[in-house]
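*Asks:* A predicted structure for the sequence below; I have some questions about it.
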Amino acid sequence: MPQFNPEWFASQIFWLIVTFVGLYLIMSRVALPRMAQIMEERQDKIEDDLAKAEKLRQEAEEVYQSYEQQLAEARQQAQKMLKDASDQLDKEQRERHEAFSKELDQKIDEAEQRIDSAKQQALDNLQSVAGEVAQQASAKLLGEQVAKDKADAAVKDAMKRTQEGGQA
């Protein structure tokens with residue numbers, strides 16, 4: 001093999017140095033500046049993208065804060081509306097309850113008046129019937145006819161004493 005022959009070492013070292021220097025110059029003048037430019041462009045693009053991402057993150061944070069604030073305001077407004085509606089319903093319910101209570105009281109008063117009237121009418125009828133029964137009973141027991149006025153007065157007096165005795 002000729003490359004291991006010592007007489008060729010000098011020319012091989014010479015061409016090695018010439019090739020190395022040539023490649024070094026080509027790399028340092030053409031390839032490396034181009035690679036450095038590409039790396040710098042990539043770095044600038046990455047920094048620009050990071051800046052845009054940070055800006056978008058800040059905008060998203062602002063939008064989120066605005067959303068949270070609007071949501072809180074909407075909740076407060078909904079609670080206020082719910083409270084107002086509840087208060088209105090309570091007011092209407094109280095008004096209906098009062099109207100119903102008044103109507104019921106009125107009906108109770110009317111019913112009590114009808115009951116008192118019916119009671120008085122029943123007592124009057126009872127008194128009249130009792131007067132007739134007393135008149136007939138005294139006619140059978142005594143054998144003589146008692147005047148209707150006297151029988152009614154006696155029944156009325158007996159009923160009055162009965163009522164006074166029951167109340168006392």
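*Replies:* All right, it came through fine. Nothing here was measured: the structure is a model prediction, and the numbers come from that model.
*Asks:* how many other residues sit next to Ala78?
*Replies:* Counted with other Cβ atoms under 10 Å, residues neighbouring Ala78 total 10. Using the backbone N, CA and C atoms, a C-beta is placed for each residue, glycine as well.
*Asks:* And it, which helix or strand is it part of?
*Replies:* helix 32-142 (DSSP states H and E).
*Asks:* Does anything pack onto that helix? Which helices or strands?
*Replies:* Counting contacts by 3 or more Cβ pairs under 8 Å, 6 or more residues apart in numbering; DSSP states H and E, helix 32-142 packs against helix 148-167.
*Asks:* Now find how far off-centre the helix it packs on is within its chain.
*Replies:* 68 Å (Cα atoms, centre = their mean, to the nearest Å).
*Asks:* for this structure, what helix or strand is lowest in average pLDDT?
*Replies:* The weakest-scoring helix or strand in the chain, judged by mean pLDDT, DSSP states H and E, is helix 148-167 (a mean of 76).
*Asks:* residues near Ala130, how many?
*Replies:* Counted with other Cβ under 10 Å, residues neighbouring Ala130 total 19.
*Asks:* Next: Asp152.
*Replies:* Quick note: Asp152 (other Cβ under 10 Å) scores 17 neighbours.
*Asks:* contacting residues for it?
*Replies:* Residues in contact with Asp152 (Cβ atoms under 8 Å, 6 or more residues apart in numbering) are Gln127, Ser128, Gly131.
*Asks:* what's the angle from the least confident helix or strand of the chain to helix 32-142?
*Replies:* Compare the direction of helix 148-167 with that of helix 32-142 by axes from the mean of the first three to the mean of the last three Cα atoms, to 10 degrees and you get 130 degrees.
*Asks:* Tell me the buried residues in helix 148-167?
*Replies:* For helix 148-167, the neighbour count (16 or more other Cβ atoms under 10 Å) marks Ala151, Asp152, Ala154, Val155 as buried.
*Asks:* Looking at these, which one is closest to Ile26?
*Replies:* Minimum distance to Ile26 across these is 149.3 Å, recorded for Val155 (Cβ to Cβ).
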